[in-house]
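Colleague: Provide a 3D model corresponding to the input given below.
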Amino acid sequence: MIIVNATIVSDADSIRAMQPAIAEMEKASQAEAGCEDYTFSVELNNPDVLRITERWVDMAALQNHFSLPHMAMFQKAMAANPPKEVSAHFYEATEVPGPGS
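Modeller: Numbers count the residues shown, from 1 in each chain. Here you go, the predicted structure:
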């Protein structure tokens, strides 16, 4: 399983301007083959930080994700509302039972 933890540091107005693209990106990504989770969130204590949490069955599914039209649309929205910083971390993971499972 591949886990992606990404952040976009921007400002609240730019994040609001990007909301239609964010909503489409989230919905379309969740419908992709190999996507187990794809969620955007704004930090409660810092509304200038947008977080993206993703879970993919494998790297091939994630690689395919980067080539799809909704990714290009999202990139265009980001270009129109340039972020101050973007970071993404990719992890190969194995799910383990949580406490009490």
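
Colleague: so where's the chain uncertain?
Modeller: In the prediction, the chain carries no residues with pLDDT under 70.

Colleague: now do the strands in it.
Modeller: 2-9, 35-43, 46-56, 85-92 (DSSP state E).

Colleague: now for the last one, which elements pack on it?
Modeller: Of the remaining helices and strands, those touching strand 85-92 by 3 or more C-beta pairs under 8 Å, 6 or more residues apart in numbering; DSSP states H and E are strand 2-9. All C-beta atoms are positioned from the backbone trio N, CA, C, and that covers glycine.

Colleague: who's in contact with the strand it packs on?
Modeller: Contacts to strand 2-9, defined as C-beta atoms under 8 Å, 6 or more residues apart in numbering, come from residues 15, 48-59, 61-62, 78, 83-93.

Colleague: check stretch 59-67 too.
Modeller: Residues contacting stretch 59-67 (C-beta under 8 Å, 6+ apart): 2, 4, 29, 32-35, 54, 56, 71, 90, 92.

Colleague: which one (most neighbours) among those residues?
Modeller: Trp56 (24 neighbours; other C-beta atoms under 10 Å).

Colleague: that residue contacts Ala33, correct?
Modeller: No. Trp56 lies out of contact with Ala33 (C-beta atoms under 8 Å); the separation is 10.0 Å.

Colleague: tell me which residues touch Ile52, please.
Modeller: Counting by C-beta under 8 Å, 6+ apart, Ile52 touches 4-8, 38-40, 88.
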